[in-house]
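**Q** here is a sequence together with a model predicted from it:
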Amino acid sequence: MSIHKLSENVTAIMVQDWDRRLFDELIPLPHGTSYNSYLVRGSAKTALVDAADTSKEAELTGALAALAVKKLDYVVCNHAEGDHAGLIPALLVRYPEAKVVTNEKCKGMLHDLFFIPEERFHAIGDGDTLDLGGRRLVFHIAPWVHWPETMFTLCPEERTLFTCDFLGSHLATSQVLARPGEIGDEAKRYYAQIMMPFRPLVKRHLEWIQAQDVGTVAPSHGPVHADPSFIVGRYRDWSSDDVKNEVVIPWISMHGSTDRMVKRLVDALIERGVEVKPFRLTTADLGELAMAVVDAATIVLAAPTVLIGPHPQGLYAAALLGALKPKTRHVGMIGSYGWGSKALEQMEGLLAPLKAERLPPVYVKGAPSEATNKAIDDLAGEIASRHRSLGILPA
Ligand code: FEO
């Protein structure tokens, strides 16, 4: 846990979780994470913006004690997920006068998740203001980044925007302020895994932020952005419709047939000037895979058949891609089977949320033959041609 004065009236409490390696038992956290709270002191009232993960009660309450917070008037909840709201019940016990300030949707979720009673809430709506005395908190409802209740809190006098998950990064670090050259990958990993499925909303909320007078973005994971232009610019790129001349190939093979097809495709794409990022699903970091599909123009999923359906790793990758909904323009599938297969149908079912054009599949019975090699080469040619049409591969 570390305490940092961002200004005379705003203090960051950054509870580091150095050793956490999975979020939701799903998302890899190679560099841990942090849960940030922000203490905003006005002349009349004191508010804490966001709490911390349930497992970090000693750290958060210890920080508040170190800051001599005898009375807490408000706990602002920007997001009901447990890594930020999990300690609100403990804070309400410690500070019996405190009210939870949040929107109606979040209020219902906090009640469902943490049994916070009605009388402890102070409900706000979009644009409402809370006056702390010399410092105000203004609330902006920003749904679906990444839950339906998410919101931002702006302190106009400090030109500071508290965005909770949005613009954050899963990174345990002693750095208080983000160094733009160093935070890019962690921020992209976070965007890919958490925000990418909500790209249209991301764009809308970025526009709102850009219309405000914001000098500091203070997220509740990772370092603070003292110059928001870097992170806002990166989010604009990632959430734009622009794609890169790249093909991502998540792949798995059992007896080598699909492996040979993947190698053929990789070489054929490279020959045609297309960049390739293969990910062997048995060993790949799924966070790296998620990052790769943020702006790749094409994804080709390669998986053989086990019994009648796709190899479970192929099924898993299809489910992951369908959930993350990258902006990729083309999706293809290749692989092999022994005697029969429903693999394409089953993977397609999970990939359905991707609104990308489908490439002709190459799915072969037995080992890849010369005809298979030609079909793979044709697929590479088709991808290169489409990338040229998009203007991302020179003619
Ligand atoms: Fe950091 Fe959606 O919680």
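**A** Thanks, I have it.

**Q** who in this protein is up against the ligand?
**A** Listed as neighbours of the ligand in the chain under the rule Cβ under 6 Å from any ligand atom: 79, 81, 83-84, 146, 165, 221. Yep, even glycine has a C-beta here, placed from its N, CA and C like the rest.

**Q** next, format these as TSV and append distance to Trp208, secondary structure and pLDDT.
**A** Converted to TSV, these look like this (distance: Cβ to Cβ, whole Å; DSSP: H, G, I helix; E, B strand; the rest coil; pLDDT from 0 to 100):
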residue	distance to Trp208	secondary structure	pLDDT
His79	17	coil	98
Glu81	21	coil	98
Asp83	24	helix	97
His84	21	helix	98
His146	16	coil	96
Asp165	16	coil	98
His221	20	coil	97
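
**Q** highest neighbour count among those?
**A** Neighbour counts for the residues of the chain next to the ligand peak at His221, which has 28 neighbours (criterion: other Cβ atoms under 10 Å).

**Q** the stretch 1-150 of the chain: helices as residue ranges?
**A** According to DSSP state H, counting those that start in this stretch, the stretch 1-150 of the chain carries its helices in the segments 57-66, 82-85, 88-94, 104-114.

**Q** pick the most deeply packed of those.
**A** Burial of the helices of the stretch 1-150 of the chain is given as mean neighbour count (mean count of other Cβ atoms under 10 Å); helix 82-85 ranks first at a mean of 24.

**Q** elements contacting it?
**A** strand 33-41, helix 104-114 (3 or more Cβ pairs under 8 Å, 6 or more residues apart in numbering; DSSP states H and E).

**Q** in the sheet, which strands lie alongside the helix or strand where Phe279 lies, parallel or antiparallel?
**A** With elements taken from DSSP states H and E, the one containing Phe279 is strand 275-280. Here strand 275-280 is paired, per DSSP bridges, with strand 244-251 (parallel).

**Q** who touches the partner strand?
**A** When contacts are defined by Cβ atoms under 8 Å, 6 or more residues apart in numbering, strand 244-251 is touched by residues 258-259, 262, 265-266, 269, 273-281, 284, 289, 292-293, 295-303, 314, 317, 321, 328, 383, 387, 392-393.

**Q** of those, which belong to helices?
**A** Counting by DSSP state H, the contacts of strand 244-251 place 258-259, 262, 265-266, 269, 289, 292, 314, 317, 321, 383, 387 in helices.

**Q** now those as CSV including distance to Leu39 and neighbour count?
**A** Below are the ones in helices among the contacts of strand 244-251 laid out as CSV (distance: Cβ to Cβ, whole Å; neighbours: other Cβ atoms under 10 Å):
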residue, distance to Leu39, neighbour count
Thr258, 55, 25
Asp259, 55, 18
Val262, 52, 23
Leu265, 54, 27
Val266, 52, 20
Leu269, 52, 27
Leu289, 38, 21
Ala292, 38, 23
Gly314, 48, 27
Ala317, 43, 27
Leu321, 41, 25
Ile383, 52, 25
His387, 50, 26
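
**Q** got the CA coordinates for the host helix or strand of Phe162 in PDB?
**A** In this structure, Phe162 sits in strand 160-164 according to DSSP H and E. Written as PDB, here are the backbone C-alpha positions of strand 160-164 (Å, rounded to 0.1, in the frame of the first residue of the first chain):
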ATOM      1  CA  THR A 160      -9.200  15.300 -12.000                       C
ATOM      2  CA  LEU A 161     -11.300  12.500 -13.400                       C
ATOM      3  CA  PHE A 162     -11.800   9.300 -11.500                       C
ATOM      4  CA  THR A 163     -12.500   6.600 -14.100                       C
ATOM      5  CA  CYS A 164     -12.300   3.400 -12.000                       C
END
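
**Q** now the angle between strand 33-41 and that strand, please.
**A** Angle, strand 160-164 to strand 33-41, by axes from the mean of the first three to the mean of the last three Cα atoms, to 10 degrees: 140 degrees.

**Q** check the gap between Leu321 and the ligand for me.
**A** In this view, Leu321 and the ligand are 21 Å apart by Cβ to the nearest ligand atom, to the nearest Å.

**Q** quick one: Gly322 and Glu348 touch, right?
**A** No. Gly322 is beyond contact range of Glu348, at 9.7 Å (criterion: Cβ atoms under 8 Å).

**Q** next, count neighbours for the closest residue to Glu186 other than its chain neighbours.
**A** Spatially, and ignoring its direct neighbours in sequence, Glu186 is nearest to Ser169 (4.0 Å; Cβ to Cβ, 6 or more residues apart in numbering). Residues near Ser169, counting by other Cβ under 10 Å, number 26.
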